[in-house]
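>>> compute the structure for the input listed below.
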Amino acid sequence: MKELRHLNKYFKKYWPKLFIGIIITIIARLFQLVMPSYVNKTITVVEQFINSEIAKTEAKSFLLEYILIIVGAALLSGFFTFLMRQTIINVSRYIEYDLKNEIFDHYQKLSLNFYKKNRTGDLMNRISEDVNQVRLYAGPAIMYGIQTLTLFFCLVPLMFIKAPTLAAYTLIPLPILSVLIYKISKVIHKRSTIVQEYLSSLSTFTQEVFSGVSVIKAYALEPQTNEELVVLADEGKNKSMSLARVNAWFFPLMILLIGISNILVIYIGGMQYLRGEIGVGLIAEFILYVNMLTWPVAIVGWLTSIVQRAEASQKRINEFLKQDSELKNGSIQLKDIKGKIEFRNVSFTYEDTEITALKNISFTINAGETVAIIGKTGSGKSTILDLVARLYDVSSGEILIDGIPIKQIDLTSLRESIGAVPQEAFLFSDSIKNNIKFGKQDASDEEVMSIAKEAVVHDNIIGFSKGYDTVLGERGITLSGGQKQRVSIARALMKNPKIYLFDDCLSAVDTETEEEILSNLKKASKEKTTLIVSHRVSSAKNADKILVLEDGRLIQEGTHDQLNSKEGYYKELYENQLSGKEN
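Next comes the predicted model:
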């Protein structure tokens, strides 16, 4: 159970409620122990009446008193059982809530490299299915475990006090049960881990299918996808059945052993009764004791299974919680940021592909400048923007913001100063208005509409039946590519940051709309540092400075007029696009 030690901090946090729940659990079980002894007394009274040892009136009085005590004890036991569930089960829900928040918070702190190495389905499974398995350990397992221990520690001594010989024979099957549980639990632990890992694979597969359903339909891959799911489902069924077969041994074995205990009570107790050593009432009392032990003993198997599955799940959770982000947070807060950006001999290699995207790049962008970055696909344009936002750390060299090394700046402070529009526009499954307000949560409706007009998407939005309240499908699938890009631009403009990062965000709009957006962007980004990555010269020609990249190297730098006046990649690109436009 070493992996489950991670939960100790939560048990400490909620220890008052947990302690009260444990006390209530013990009280509830103690009231349950009242019934067998009074059943014994009731049978003894009946025996005494039959043997004419007491009068009928006296017998009725005793019987009424004992029955009322039995009923009262049962009601009190039920009441405290209700309180028990209200405390311990509630604690498990609090722990589930805290653990999910801890995992989600940690996920957000991890770098992009982490998300490149791990699949979304696996991340989702660990925060949902695995956490649920851990919750069962933090609640039901503790609750029923305390019940079981209370009954064992109270019943077994009580049985030996009342009839040592009968108790010894009655409890003979329990050591055998302990050995069987130990053997089977080892197998459960191993198979539980395999099942949990498979569930992650299944979640990943279904998540990718649903996300890429348009591609699947376009290529008519439904039959092939279904066949793959059938294979996965069959594999999962086999793994789950393997675990179920082991779990299936618990209850039959326990019921068998409890049945043997009952037989021993009747046989040994009957022999002692014939010898006059005990009464019939004590035999009935012991039968009740044995059957009271039936559920606790039977539940040991279930508890063992829960603990083993929780251990396997917590181990998977801990694997991610132990991973630290490669990005170590700085301490310097950016308050009055100007927006000056310097790259000094920066090189960067992607860890997952080992592709060197930038090779010894150096340039300076002054505060308030608009800089366009041009180059072929794979030349390192987007990487520059990722490094400015510090989504990655440079492999060598240094990046400075306002003269401060970027690694020394607090990440939240840095990113709050940046408005980014990624190459692949991502919109949330929410209203268009809320997607735009993502850049400024307290924005008014008038501000939203004004910003949408600047991004040249207002006319498209009001054309929808619900306008700005139109709820988008997953990843903004309701909108066209160009509309998604413009809503993303509106989101960045709404934030009104000191640094804008536009990553080829006009690729899906026509040239006329592009020119209108660029004109609006120029006004909005006045006195703000703006980096625009583009394949089109039209997006770059009005920039204060143009950087031309090729194979990770900076091959040209200057204004549109400067670069267009000499032979090189930029002039060739400009002439090609100009002739294409004329044609």
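
>>> can you give me the helices for the stretch 151-300 of the chain?
Secondary structure of the stretch 151-300 of the chain (DSSP state H, counting those that start in this stretch): helices at 164-170, 173-211, 213-218, 222-247, 250-274, 280-321.

>>> is it possible to get CSV of those that adds mean pLDDT and mean neighbour count?
Any C-beta I mention is one placed from the backbone N, CA and C, and that applies to glycine too. Output for the helices of the stretch 151-300 of the chain, formatted as CSV (pLDDT from 0 to 100; neighbours: other C-beta atoms under 10 Å):
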stretch, mean pLDDT, mean neighbour count
helix 164-170, 85, 18
helix 173-211, 74, 16
helix 213-218, 78, 11
helix 222-247, 84, 13
helix 250-274, 80, 16
helix 280-321, 80, 20
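
>>> in TSV: those, plus distance to residue 52.
Below are these laid out as TSV (distance: least, C-beta to C-beta, whole Å):
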stretch	distance to residue 52
helix 164-170	28
helix 173-211	40
helix 213-218	85
helix 222-247	55
helix 250-274	20
helix 280-321	17
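
>>> give me phi/psi at residue 510?
Backbone geometry at residue 510, expressed as degrees, to the nearest 10, gives phi -70, psi 160.

>>> chain neighbours aside, what residue packs nearest to it?
Nearest residue to residue 510, sequence neighbours excluded (C-beta to C-beta, 6 or more residues apart in numbering): residue 482, at 7.7 Å.

>>> any idea how far that neighbour is from residue 354?
Applying C-beta to C-beta, to the nearest Å, the value for residue 482 to residue 354 is 35 Å.

>>> again, but for residue 555
To residue 354, residue 555 is 23 Å away according to C-beta to C-beta.

>>> the two - which one has more neighbours?
Legend: neighbour count by other C-beta atoms under 10 Å for residue 555 and residue 354, higher for residue 555 (14 against 7).

>>> the more buried one contacts residue 546, correct?
No - using C-beta atoms under 8 Å as the test, residue 555 is too far from residue 546 to be in contact (11.4 Å).

>>> need the strands for this protein, in chain order.
341-349, 356-365, 370-375, 396-401, 404-405, 418-421, 499-503, 529-534, 545-550, 553-558 (DSSP state E).

>>> will you turn those strands into TSV that also has distance to residue 381?
Compiled in TSV, these are given as follows (distance: least, C-beta to C-beta, whole Å):
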stretch	distance to residue 381
strand 341-349	12
strand 356-365	9
strand 370-375	5
strand 396-401	16
strand 404-405	23
strand 418-421	14
strand 499-503	8
strand 529-534	4
strand 545-550	6
strand 553-558	11
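
>>> how about those in TSV, adding mean pLDDT and distance to residue 67?
Shown next, in TSV, are those (pLDDT from 0 to 100; distance: least, C-beta to C-beta, whole Å):
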stretch	mean pLDDT	distance to residue 67
strand 341-349	93	82
strand 356-365	92	84
strand 370-375	89	89
strand 396-401	92	82
strand 404-405	92	82
strand 418-421	88	76
strand 499-503	89	80
strand 529-534	89	85
strand 545-550	90	91
strand 553-558	90	94
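
>>> residue 573: which of those strands is closest?
In terms of C-beta to C-beta, the element of these nearest to residue 573 is strand 370-375, at 6.9 Å.

>>> now residue 315, nearest residue through space, not along the chain?
Using C-beta to C-beta, 6+ apart and skipping the chain neighbours, the partner closest in space to residue 315 is residue 3 (4.3 Å).

>>> go ahead and confirm that neighbour touches residue 321.
No - using C-beta under 8 Å, residue 3 is not in contact with residue 321, being 10.6 Å away.

>>> got the contact list for the residue nearest the centre of the chain?
By C-alpha atoms, centre = their mean, the chain has its centre lying nearest to residue 127, at 2.0 Å. Neighbour list for residue 127: 100, 103-104, 107 [criterion: C-beta atoms under 8 Å, 6 or more residues apart in numbering].

>>> can you do 10 Å?
By C-beta atoms under 10 Å, 6 or more residues apart in numbering, the contact list for residue 127 reads 99-104, 106-107, 317, 320.

>>> residue 527 too?
Residue 527 sits next to 338-339, 367-369, 498 when contact means C-beta under 10 Å, 6+ apart.

>>> among those residues, which one sits closest to residue 137?
Distance to residue 137 across the contacts of residue 527 (C-beta to C-beta) is lowest for residue 498, with 48.4 Å.

>>> I'd like to know how many residues surround the closest one.
A count of neighbours around residue 498, defined by other C-beta under 10 Å, yields 20.

>>> intersection of neighbour lists for residue 555 and residue 546?
Between them, residue 555 and residue 546 share these contacting residues under C-beta under 10 Å, 6+ apart: residue 570.

>>> quick revisit: now, the contacts of residue 127 that are in helices?
Mapping the contacts of residue 127 onto helices (DSSP state H) picks out 99-104, 106-107, 317, 320.

>>> give me the local confidence score for residue 470.
For residue 470, the model assigns a pLDDT of 86.

>>> and the residue nearest to it when sequence neighbours are not counted, how many neighbours does it have?
Nearest residue to residue 470 in three dimensions, chain neighbours excluded: residue 464, at 4.4 Å (C-beta to C-beta, 6+ apart). Other residues near residue 464 come to 13 when the count uses other C-beta under 10 Å.

>>> let me see the contact set for residue 464.
Residue 464 makes contact with 432, 470, 478-479 under the criterion C-beta under 10 Å, 6+ apart.

>>> could you pull up phi and psi at it?
Dihedral angles (degrees, to the nearest 10) for residue 464: phi -80, psi 150.

>>> distance check, it against residue 427.
Plainly put, residue 464 is 14 Å away from residue 427 if you go by C-beta to C-beta.

>>> shared neighbours, those two?
By C-beta under 10 Å, 6+ apart, residue 464 and residue 427 have these common neighbours: 478-479.

>>> tell me which of the contacts of residue 464 fall in helices.
Per DSSP H, those map to helices at residue 432.

>>> burial of residue 332, as a residue count?
Residue 332 has 16 neighbouring residues, counting by other C-beta under 10 Å.

>>> can I see the domain layout of the protein?
With domains defined by automatic domain parsing, the chain comprises 2-321, 341-582.

>>> Serialize the ones you listed to JSON lines and add fields for distance to residue 329.
Listed next are the domains of the chain as JSON lines, based on distance: least, C-beta to C-beta, whole Å:
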{"stretch": "domain 2-321", "distance to residue 329": "9"}
{"stretch": "domain 341-582", "distance to residue 329": "5"}
